[in-house]
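>>> Based on what follows, work out the 3D shape:
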Amino acid sequence: MAPTDPLYLNGLTIWPGERVLTRLVVSRLPSGTLIDVPVHVLRAPAPGPTLLLMAGMHGDEVNGIEIIRRMLRRDLLMPTRGTVVAIPILNIYGFLNFSREVPDGKDVNRAFPGSPRGSLASRVAHRFMREIMPLLDYAVDFHTGGAARANYPQVRCELGVDPETDALAAAFGAPFTLHAGLRPGSVREAAQRLGKRLLVFETGESLRLDEPGIELAVAGTLRVLHHLGMGPAVPGPAQPSIVCRRHTWLRARFAGLFRAHVQNGVFLEKGQVYGSVADPYGERAVRLESPVSGYVVGLNHMPVVNQGDALLHLALPG
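Okay, here's the model as predicted:
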C-alpha cells in the first residue's frame, strides 16, 4: 500500500497511523442477542505488509486467545510499518460454550471458504473470507490440542513448498517446526489458494493455560514482525527449532486406563516404554513400547481410552 492508502473493513475506512476496534456481526442467538467478532486493526504511518494474528477458531482453545490478549494488553502489536489485524476469538459460539464447534456441531476450520447460505460454521467462514482474507499478506493462526491432548509448542506449515513460508516458520523459532499437509476446508488451505502465507502455532491443551507455550508464542510473533520489517529486533530463540518432516500418532491397541511414562518434548527411543494401559479391575496391564524413535510433541492426558484413541504424537527426525 502507498502511505496514504486507506484500509476498508466492516464499513469503516481505516487510515495509516490509526488503531481501531471494530466488530463483525456474524449472527444472532435464538434469544435475539447479536453475536459479533471483535477485530483489532493497528496501522503504522509507513506502508508495509499486513499480518493477521488469529485465535479461537475452536472456542475451547484458550491459549491462542491469551496469546493475542497478552500482546494487545502489553501494547506489542502496533507495527513500525504496515498493518496488524488481531482477532482474539473467531468462534464466539464455541468460546461461550467451552466447545470446539459452533452450535450446529460443525468445525469452522473445516468449513472454508464457506457460504452465506450454508451452515453456521460455513457462514462464519464466509464472513471471514469476505472481510478479513482480502486484507492479509501473512497470518499466524494460534491453536491448542483438542480434547485432553496437550501439544508441545510447535509451528505447522507445508515445508519445502514455498521458501517464504519456510523463512516465516524459521523466524518464529518455535521449539518444533512440523511439516503438515493442507486439510480440506481449513483456513490454511483457503489462504494458500489465494497466495497468502499462514503458519499454525499449537501449544497446550483445551481449557488449560500453558504459560511457557504462551510466552514462547509472544516471543515468536515478535520475531515474525521483525522478519517482515514490521517491528524492532528481538532476541532469537533459546534453542534452534527442531524441524521434522514426518510425524505419527501412536494409538491404543487396548481399551482401559492409560498412564504415560514420558513427558511432552522428550526424545523417545525405539523400543522405549512410554506408558501402559490397564483394565480397571486390576487383572491386566500392558506396557506400551514405541515402534519408532521420535520427539513427543503431543500427549494424551485422558486416562480412560478406547481402542484406537491417540495416545502420543511423535515427530520423527530426519
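>>> which one is Pro103 nearest to, not counting chain neighbours?
Among residues not flanking Pro103 along the chain, Tyr93 sits closest, at 5.6 Å (Cβ to Cβ, 6 or more residues apart in numbering). C-beta coordinates here come from the backbone N, C-alpha and C atoms, glycine included.
>>> tell me the mean pLDDT over the helix or strand harbouring the one you found?
Element membership for Tyr93, per DSSP states H and E: helix 92-96. On average, the pLDDT along helix 92-96 is 93.
>>> Which other helices and strands does it contact?
strand 34-43 (3 or more Cβ pairs under 8 Å, 6 or more residues apart in numbering; DSSP states H and E).
>>> tell me what the strand it packs on is packed against?
Partner elements for strand 34-43 (3+ Cβ pairs under 8 Å, 6+ apart): strand 7-9, strand 19-28, strand 83-87, helix 92-96.
>>> contacting residues around the shortest one?
Right, the one you point to is strand 7-9. Identification of contacts with strand 7-9 by Cβ atoms under 8 Å, 6 or more residues apart in numbering yields 1, 13-15, 22, 39, 41, 43, 50, 83, 131-132, 135.
>>> so what strands line up beside it?
Partner strands and pairing direction for strand 7-9 (DSSP bridges) are strand 12-14 (antiparallel).
>>> quick one: buried residues of the partner strand?
Ile14 (16 or more other Cβ atoms under 10 Å).
>>> what is the rounded mean pLDDT of it?
Averaging pLDDT along strand 12-14 gives 97.
>>> what sits up against it?
With Cβ under 8 Å, 6+ apart, strand 12-14 has contacts from Pro6, Leu7, Tyr8, Val20, Thr22, Val41, Arg43.
>>> can you rerun that using 10 Å?
6-8, 18, 20, 22, 39, 41-43, 83, 85, 135 (Cβ atoms under 10 Å, 6 or more residues apart in numbering).
>>> Quick one: these as JSON lines, columns for distance to Pro240, pLDDT and neighbour count too.
Below are these laid out as JSON lines (distance: Cβ to Cβ, whole Å; pLDDT from 0 to 100; neighbours: other Cβ atoms under 10 Å):
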{"residue": "Pro6", "distance to Pro240": "41", "pLDDT": "95", "neighbour count": "13"}
{"residue": "Leu7", "distance to Pro240": "36", "pLDDT": "96", "neighbour count": "18"}
{"residue": "Tyr8", "distance to Pro240": "41", "pLDDT": "96", "neighbour count": "12"}
{"residue": "Glu18", "distance to Pro240": "38", "pLDDT": "98", "neighbour count": "16"}
{"residue": "Val20", "distance to Pro240": "38", "pLDDT": "98", "neighbour count": "16"}
{"residue": "Thr22", "distance to Pro240": "39", "pLDDT": "97", "neighbour count": "16"}
{"residue": "Val39", "distance to Pro240": "34", "pLDDT": "98", "neighbour count": "23"}
{"residue": "Val41", "distance to Pro240": "34", "pLDDT": "98", "neighbour count": "20"}
{"residue": "Leu42", "distance to Pro240": "30", "pLDDT": "98", "neighbour count": "21"}
{"residue": "Arg43", "distance to Pro240": "33", "pLDDT": "98", "neighbour count": "26"}
{"residue": "Thr83", "distance to Pro240": "30", "pLDDT": "98", "neighbour count": "24"}
{"residue": "Val85", "distance to Pro240": "30", "pLDDT": "98", "neighbour count": "22"}
{"residue": "Leu135", "distance to Pro240": "33", "pLDDT": "97", "neighbour count": "16"}
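>>> now, among the residues you listed, which is nearest to Asn264?
Val85 (31.2 Å; Cβ to Cβ).
>>> which residues touch the closest one?
So, once contact is read as Cβ under 10 Å, 6+ apart, Val85 ends up touching 7, 9, 14, 39-43, 50-54, 77, 132, 135-136, 139.
>>> before we move on, what about Thr177?
154-157, 159, 166, 169-170, 199, 240-245, 315.
>>> And the strands in the stretch 101-250 of the chain?
138-145, 149-157, 176-179, 197-205, 242-244, 246-251 (DSSP state E, counting those that start in this stretch).
>>> quick check: longest helix of this protein.
The longest helix of the chain (DSSP state H) is helix 211-227.
>>> Please name the residues that touch Arg259.
Gly275, Ser276, Val277, Ala278, Ala285, Leu288, Pro303.
>>> List buried members of these by neighbour count.
Buried among the contacts of Arg259 (16+ other Cβ under 10 Å): Gly275, Ser276, Val277, Ala278, Leu288.
>>> pLDDT value on the nearest residue to Gly145 once chain neighbours are set aside, please?
Nearest non-adjacent residue to Gly145, counting by Cβ to Cβ, 6+ apart: Asn151, 4.0 Å away. Asn151 is assigned a pLDDT of 98 by the prediction.
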